[in-house]
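**Q** What follows is a predicted protein model with its sequence.
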Amino acid sequence: MTKTLIIGGTGTVGGLVLAEAVRRGVDVRALVRDEKKASTLPGTVELVQGDLADRDAVRAALQGVEAAFYVSPHEENEVEIARIFGEEAQRAGVRLVFGGFHVEDQEQRAAMEEALPAYTSKLRLAAFLASTDTRPVMISITNFDQNDEVFREDVLAGRFPTPMHRDGVNRIDLRDVAVVVVNALTDPGFAAGSYQLVGPESLSGEDSARIWSEALGRPVRYTGDDPEWRRTFALRLPGRKLQDWISSFELLGSTPIPTDPADVENTARLLGRAPRSLRDYARDTAAAWR
Ligand SMILES: NC(=O)c1ccc[n+]([C@@H]2O[C@H](COP(=O)([O-])OP(=O)(O)OC[C@H]3O[C@@H](n4cnc5c(N)ncnc54)[C@H](OP(=O)(O)O)[C@@H]3O)[C@@H](O)[C@H]2O)c1
């Protein structure tokens with residue numbers, strides 16, 4: 001069986017991609033920097049210890065691999081480590097599947113860099129990976145439903161603290177993203193190119209709070225319009241991740257992200273069914289929390 005490498009397997013996106021790959025019997029190798037943290041991963045996963053900044057470790061992890069999943073971690077050196085990974089994947093003849101944020105059109109990307117300087121390095125690293133000779137599948141994703149788990153204590157205490165514009169932002173269940181990523185990893189015929197994955201609808205902070213309230217059977221109110229939200233984020237998130245999330249949620253609080261029906265249709269085509277809703281996710285998560 002062909003070997004598949006997964007980056008970020010101890011994190012949110014990579015963890016769900018890894019779980020989906022294991023569920024489907026894929027022969028998985030994970031590059032992890034902390035073996036202790038990785039000890040909870042399924043026993044069938046081959047662990048390779050190393051840091052993405054270490055070119056030799058990346059080269060070793062890619063050896064004998066057919067396809068690799070890359071998610072860009074919230075790290076100061078995000079551009080440099082993506083460059084190392086892309087160069088080494090290309091050198092090894094490995095197909096690359098990326099999950100994150102990519103804007104294909106150069107002019108659109110330049111305009112976005114100007115309007116949103118905090119996104120410049122993310123846009124550039126994705127553009128670099130897309131330019132590699134790895135038959136790259138570039139999967140762009142919207143706001144994760146799974147972000148809400150970071151605020152479990154707040155939600156259980158009746159507060160939904162993440163800013164989201166009153167006209168709604170598209171939210172996606174990463175379990176659906178994992179299905180499409182694993183399809184791309186395991187199907188050598190999966191066409192290279194850019195894919196936008198979305199959830200079925202755009203939701204405001206009030207909508208999200210209401211959905212959690214229904215799932216938990218207790219009141220949850222939206223508090224993302226309270227300027228104190230940054231303080232709540234600082235309690236739940238470390239270092240560079242905190243900085244990135246604050247930039248993202250400043251944007252999501254001030255700008256609606258409408259849902260394009262064509263993107264929903266494409267996502268459903270790639271999944272072979274309709275994408276899961278926040279209601280599905282909150283119901284499953286509330287049951288797990290119980
Ligand atoms: N949150 C959203 O709504 C959203 C939406 C669209 C796109 N995104 C993008 O998604 C990405 C973040 O994904 P995520 O939420 O899965 O992040 P995450 O939960 O913080 O996971 C990051 C993973 O990368 C690993 N890692 C970090 N630095 C590493 C290094 N130097 N060498 C090897 N492994 C390293 C971490 O390992 P450890 O466990 O050892 O730390 C962890 O497994 C970002 O690029 C973000 O822009 C997020």
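**A** Cool, the structure landed.
**Q** Can you tell me the closest non-neighbouring residue to whatever residue of the stretch 51-200 of the chain ends up closest to the ligand?
**A** Across the stretch 51-200 of the chain, no residue is closer to the ligand than P73, which sits at 3.2 Å (CB to the nearest ligand atom). Heads up, the C-betas are built off the backbone N, CA and C, glycines and all. For P73, ignoring the flanking residues on the chain, the nearest one in space by CB to CB, 6 or more residues apart in numbering is G8 at 6.3 Å.
**Q** go on, H165?
**A** That would be P256: by CB to CB, 6+ apart, it lies 4.4 Å from H165.
**Q** Return the per-residue confidence for the one you found.
**A** On the pLDDT scale, P256 is placed at 97.
**Q** any idea how far the ligand is from it?
**A** 16 Å (CB to the nearest ligand atom, to the nearest Å).
**Q** how many neighbours does that residue have?
**A** By other CB atoms under 10 Å, 15 other residues sit near P256.
**Q** What ranges does the chain have for its strands?
**A** Assignment of strands within the chain using DSSP state E yields the ranges 3-7, 27-32, 46-49, 65-70, 95-100, 137-141, 143-144, 159-160, 169-172, 193-197, 202-203, 221-222.
**Q** was I right about L52 contacting V32?
**A** No: using CB atoms under 8 Å as the test, L52 is too far from V32 to be in contact (10.5 Å).
**Q** Pull the number of nearby residues for whatever residue of the stretch 1-150 of the chain ends up closest to the ligand.
**A** Relative to the ligand, the nearest point of the stretch 1-150 of the chain is G11 (2.0 Å; CB to the nearest ligand atom). Neighbour count of G11, defined by other CB under 10 Å: 17.
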